[in-house]
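# Quick check, what structure comes out for this input:
(chains A and B)
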Amino acid sequence: NAGVTQTPKFQVLKTGQSMTLQCAQDMNHEYMSWYRQDPGMGLRLIHYSVGAGITDQGEVPNGYNVSRSTTEDFPLRLLSAAPSQTSVYFCASSYSSSGSGTGELFFGEGSRLTVL
Amino acid sequence: AQSVSQHNHHVILSEAASLELGCNYSYGGTVNLFWYVQYPGQHLQLLLKYFSGDPLVKGIKGFEAEFIKSKFSFNLRKPSVQWSDTAEYFCAVNARGGTALIFGKGTTLSVSS
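Sure thing, here's the model as predicted:
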């Protein structure tokens, strides 16, 4: 059972380039989310999805796009990378039942992105 | 909007010392509460969680946390820390019926042997 798989683990971009961070889970979780982790800032929610075809913005959505065409996949797109987007990105998923919130989150191993 | 405040940015302890990490949240309704741990170079793992019932919850590796509703707090405790507890600890809150899990800024725990 792979859990939550993120690719790539490391990426270096130049300012203005675009890229997609991939996230896949094999636990049939309805809820998926993307966080960025920065020193002293904890984890901040970028976007999340409560099911295929449904996405919503988190705390820091600017500069990022997401889509959810299947239950398993939740890619995060950087449209035009900026140095401020240098961070470690975590994808997470959980079983979500109506009325009980997100429940326990299962995290991927992270993607370290550097924007020059 | 929900928010989570962790009082200590960096805690330094000797082995066998007792630990208490503070966590307060701001949300007036019913919440689910979590503590996650991130060991150096690893991803986050669930330490313990509170959904309802007994406000004193026990997690893995001897950790426990107490939910005090009147204080909007969910402090993490361990009677005797070990060197292997060196990690970053995150408190998180989710509004019951909501969909977003909001994290605090984290507390780095360094345990010296």
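# Now A:Asp38: phi and psi?
With angles defined as degrees, to the nearest 10, A:Asp38 sits at phi -130, psi 150.
# Pretty sure it sits against A:Tyr89.
No - A:Asp38 is beyond contact range of A:Tyr89, at 10.4 Å (criterion: Cβ atoms under 8 Å). For the C-beta atoms, the positions are set from N, CA and C on the backbone; glycine is no exception.
# Give me the more crowded residue out of the two.
Taking neighbours as other Cβ atoms under 10 Å in any protein chain shown, A:Asp38 and A:Tyr89 compare with A:Tyr89 leading, 22 against 14.
# Quickly find the element holding that one.
Assigned by DSSP states H and E, A:Tyr89 belongs to strand A:87-94.
# Mind listing the strands the next helix or strand after that strand pairs with, and their directions?
Heading C-terminal from strand A:87-94, the first helix or strand you meet, by DSSP H and E, is strand A:106-107. Applying DSSP bridges, strand A:106-107 is found paired with strand A:87-94 (antiparallel).
# In the strand it pairs with, which residues are buried?
Going by neighbour count (16 or more other Cβ atoms under 10 Å in any protein chain shown), the buried part of strand A:87-94 is A:87, A:89-94.
# Then stretch B:16-26?
Here stretch B:16-26 shows B:19, B:21, B:23-25 as buried, counting by 16+ other Cβ under 10 Å.
# residue ranges with poor pLDDT in chain B?
Residues of chain B that meet the criterion pLDDT under 70 lie in B:96-99.
# Show me which residues of it sit near chain A.
B:6, B:9, B:32, B:34, B:36, B:42-46, B:49, B:51, B:90, B:94-106 (Cβ under 8 Å from any Cβ of the partner chain).
# Strands along chain B, start to end?
B:3-6, B:10-14, B:19-21, B:23-26, B:31-38, B:45-50, B:56-58, B:64-68, B:73-78, B:87-95, B:101-103, B:107-112 (DSSP state E).
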